[in-house]
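**Q** Sharing a model prediction with you, sequence too.
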Amino acid sequence: MNIDEAQFLSTMSGGFKPTRDWHSCTGKGVSVAIIDSGIDTSHPDLDGRVLKSVEARSDGKLVVFDETDGGDSAGHGTACAGIISRIAPDARFFSIKVLGAGGLGDGHAFLGGLEYAIKERYKVINLSLGTTKPQFFAPLHDLLDRAYQAGCIVVAAANNLPQPSFPSVFSSSLISVIKSEMTDPMKFGFHFGEVIELTAPGVNVRAAWPGGGYRNLTGNSFACPHIAGIIALLLEKDPNLTPFHVKSALYAIASSNSQ
Amino acid sequence: MPEPRNGDFSDKLRRLVETVDVANVLTEPLTHSIKSLLTVSAAQIDCDEASVLVRDGDEGDLRFLIAIGRVADQLLNMRVPAGKGIAGFVLSSGQPMAIADAGEDETFYAEVDKETGYSTQTILATPLRHGDDVIGVLEYINRRGTPPFAPFTPDEMDRASTFAGAIASLVNAYQSAKLFRDLGENILSNDDPDAPSIREWLENVRDSAEHREMMDLAVLIRDVASRGDAERNLAREILESVIRFSEKNESTSFLG
């Protein structure tokens, strides 16, 4: 990896100056899964970039995934994919539709989608979703440990509500993001010690929308894909980065941003 | 009033009607409270058009429960299919979001706008959570003034989330009371061949002076109880005195 030991150690003291060559990366070859409402694969920003779309379906007590031709029931997944593609246009996108899939409880489809993404070993997993149901705490924790061990980097959006949402409050095994009013995605923030560590643009973000257009959107959901896109750039630069390395690198970059 | 059918059955039906009516007494003030709070919250968010959508069935569909604004009447009881549009997304994801330029291709609102003649441009939607469940969606549409409307701000999104907590509690109370009412009404609307005559009898019971007086009393007690602890305690003491007086009279009458 490009971050050497001296640089890495200095990261901890906040004095690290990361090399900026990752800025010129495009996410080439990095697989990015979007677990969401589907993706409009014909959108000009995404046309030809979504390699596979699957949709959750209930099969008895199991959640199974069938390949589909794409499509987005709510617009949200397309917006998230569009934000990532703006930062990492050459990333390889995979759509895992868990919202708007009929007959499935929200939490079960969501967990099934995450498990599917880990099994497929997608390198970056964008989760602009969450659940507050305590019964999903343990299985999500287990899945995120599996993601960590598999080298999958899960990026999750916090919610805006008084209750904690899972998995965004799990600090060790994933990267959690909350919106800020900043506009430059490269100037994200890292707040070590807070439950939600990263801040990224999430207010009036112009994003792709089903049908070929764009919408200005606000929410933590739209901060999360900015960080997923930046991680795709870092991974193109060094595909062997582990979740631990990525978090350290984000911390280092954010530290240099704040100087 | 027609003669009651056999004694036990009539008593059960009478209790059922009372249950349904008490549930109505409970749900009506709740819908009024939800609407009042929705109006207050909308003013705080600089908006005149707002609605409360509730989960309808097990598939994730939504139904407009309460709405304020120019097309409120047209929205009431309109349904949003599962996962469709911003509201469907917010229900299933539990994530609040705002859209500054909904435009014509926001699938659900395009259909609503077509029906109502309204033009939805900005939407702020936040989940209604009760406990660990998302039970509905709180939506604000278009800021006050004339288009183009300024986008809803993060601060307004936070304020909406705060109001959503209070509105969700009322919606949950409403749904509990409604469940009570629906239970009774479902029993009444079964396929029993006697259902028409039972329903006719029930209508007569409801129209009877005795029944109306009873419901008026229930409403009166509820109103007094809602005025505060002192009033509630006073009402309780008075009612308990009435019961004691009545028991004493019955007892005297029996011995006499």
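**A** Received the coordinates, thanks. Residues are numbered from 1 along each chain as shown, chains lettered A, B, ... in the order given.

**Q** where does the chain have low pLDDT?
**A** The chain I'm using is chain A. A:1-20, A:101-106, A:160-164, A:168-172, A:259 (pLDDT under 70).

**Q** try chain B instead
**A** Residues of chain B meeting the criterion pLDDT under 70: B:1-26, B:103-110, B:180-181, B:183-212, B:214-215, B:219, B:222, B:226, B:249-256.

**Q** Contacts for stretch A:185-193 next, please.
**A** A:23, A:87, A:180, A:182, A:197-201, A:226-227, A:229-230, A:250-251, A:253-255, A:257-258 (CB atoms under 8 Å, 6 or more residues apart in numbering or on different chains). Bear in mind the C-beta positions are built from the backbone N, C-alpha and C, glycine included.

**Q** Report the closest residue of the stretch 51-200 of chain A relative to chain B.
**A** The minimum distance from the stretch 51-200 of chain A to chain B, using CB to the nearest CB, falls at residue A:100 (2.6 Å).

**Q** quick one: secondary structure of the nearest residue to that residue once chain neighbours are set aside?
**A** Using CB to CB, 6 or more residues apart in numbering or on different chains and skipping residues adjacent in sequence, the residue nearest residue A:100 is residue B:83, 2.6 Å away. Going by DSSP: H, G, I helix; E, B strand; the rest coil, the secondary structure assigned to residue B:83 is coil.

**Q** just checking, residue B:83 touches residue B:89?
**A** Yes. Applying CB atoms under 8 Å, one finds residue B:83 in contact with residue B:89, separated by 7.0 Å.

**Q** Give me the common contacts of the two.
**A** Residues touching both residue B:83 and residue B:89 by CB under 8 Å, 6+ apart: A:37, A:73-74, A:99-100.

**Q** ok, of these, which one's closest to residue A:234?
**A** Closest approach between the shared contacts of residue B:83 and residue B:89 and residue A:234, by CB to CB: residue A:37, at 26.7 Å.

**Q** Enumerate every residue touching the closest one.
**A** Residue A:37 makes contacts with A:72-78, A:97, A:99-100, B:83, B:89, B:92-93, as judged by CB under 8 Å, 6+ apart.

**Q** what about the strands in the stretch 1-150 of chain A?
**A** A:31-36, A:38-39, A:50-59, A:62-67, A:71-72, A:92-97, A:124-127 (DSSP state E, counting those that start in this stretch).

**Q** Format those as TSV; extra columns: distance to chain B.
**A** Formatted as TSV, the strands of the stretch 1-150 of chain A follow (distance: least, CB to the nearest CB, whole Å):
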stretch	distance to chain B
strand A:31-36	8
strand A:38-39	9
strand A:50-59	11
strand A:62-67	14
strand A:71-72	10
strand A:92-97	9
strand A:124-127	10
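
**Q** can I get these in TSV with mean neighbour count?
**A** Converted to TSV, the strands of the stretch 1-150 of chain A look like this (neighbours: other CB atoms under 10 Å in any protein chain shown):
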stretch	mean neighbour count
strand A:31-36	29
strand A:38-39	30
strand A:50-59	19
strand A:62-67	14
strand A:71-72	24
strand A:92-97	26
strand A:124-127	30
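
**Q** could you dump the ones you listed to JSON lines with distance to residue A:158?
**A** As requested, those are exported to JSON lines (distance: least, CB to CB, whole Å):
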{"stretch": "strand A:31-36", "distance to residue A:158": "16"}
{"stretch": "strand A:38-39", "distance to residue A:158": "22"}
{"stretch": "strand A:50-59", "distance to residue A:158": "23"}
{"stretch": "strand A:62-67", "distance to residue A:158": "25"}
{"stretch": "strand A:71-72", "distance to residue A:158": "23"}
{"stretch": "strand A:92-97", "distance to residue A:158": "20"}
{"stretch": "strand A:124-127", "distance to residue A:158": "11"}
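
**Q** Of the contacts of residue A:37, which is the nearest to residue B:67?
**A** Of the contacts of residue A:37, the one sitting nearest to residue B:67 (CB to CB) turns out to be residue B:89, at 19.4 Å.

**Q** from memory the closest one sits against residue B:97, does it?
**A** Yes. The pair residue B:89 / residue B:97 is scored as a contact, 7.2 Å apart, by CB under 8 Å.

**Q** tell me, what's touching the two both at once?
**A** By the contact definition CB under 8 Å, 6+ apart, residue B:89 and residue B:97 are jointly contacted by residue A:76.

**Q** and the helix or strand where residue B:159 lies, which residues are buried?
**A** Using DSSP states H and E, residue B:159 sits within helix B:154-188. Of the residues in helix B:154-188, B:154, B:156-157, B:159-161, B:163-165, B:167-168, B:170-175, B:177-178, B:180-181, B:184, B:187 count as buried by neighbour count, 16 or more other CB atoms under 10 Å in any protein chain shown.

**Q** among the residues you listed, which are in reach of chain A?
**A** Among these, proximity to chain A is found for B:154, B:157, B:161, B:164-165 (CB under 8 Å from any CB of the partner chain).

**Q** Chain A contacts on the stretch 101-250 of chain B?
**A** By the rule CB under 8 Å from any CB, the part of the stretch 101-250 of chain B lying against chain A is B:101-103, B:105-106, B:126-127, B:129, B:132-134, B:151-154, B:157-158, B:161, B:164-165.

**Q** Put the buried members of these into a PyMOL selection.
**A** Provided next is the PyMOL selection string for whichever of those are buried by 16+ other CB under 10 Å:
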select buried, chain B and resi 101+102+103+106+126+127+129+133+134+151+152+153+154+157+161+164+165
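
**Q** Widest-spaced pair of the contacts of residue A:37?
**A** Pairwise distances across these peak at 15.6 Å for A:78 and B:92 (criterion: CB to CB).

**Q** between those two, who's got more neighbours?
**A** Taking other CB atoms under 10 Å in any protein chain shown, residue A:78 and residue B:92 do not tie; residue A:78 has more neighbours (32 against 27).

**Q** isn't the more buried one right up against residue A:211?
**A** No. With contacts defined as CB under 8 Å, residue A:78 does not count as touching residue A:211, sitting 9.0 Å away.

**Q** Between these two, which contacts overlap?
**A** Taking CB under 8 Å, 6+ apart as the contact rule, the neighbours common to residue A:78 and residue A:211 are A:40, A:43.

**Q** What residues does the residue nearest to residue A:100 make contact with?
**A** Per CB under 8 Å, 6+ apart, neighbours of residue B:83: A:37, A:73-74, A:99-102, B:60, B:89, B:92.

**Q** Can I get the residues you listed in a markdown table including distance to residue B:233?
**A** Below are the contacts of residue B:83 laid out as a markdown table (distance: CB to CB, whole Å):
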| residue | distance to residue B:233 |
| --- | --- |
| A:37 | 53 |
| A:73 | 53 |
| A:74 | 51 |
| A:99 | 50 |
| A:100 | 52 |
| A:101 | 53 |
| A:102 | 52 |
| B:60 | 45 |
| B:89 | 48 |
| B:92 | 46 |
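
**Q** From the residues you listed, list the buried ones, please.
**A** Among these, those scoring as buried are A:37, A:73-74, A:99-101, B:60, B:89, B:92 (criterion: 16+ other CB under 10 Å).

**Q** could you pull out the helices for chain B?
**A** B:7-44, B:72-75, B:85-93, B:107-116, B:154-188, B:195-207, B:209-225, B:229-255 (DSSP state H).

**Q** Check which residues of the helix or strand harbouring residue A:249 are buried.
**A** Residue A:249 belongs to helix A:243-257 when assigned by DSSP H and E. By neighbour count on 16+ other CB under 10 Å, the buried set for helix A:243-257 is A:243, A:245-255.
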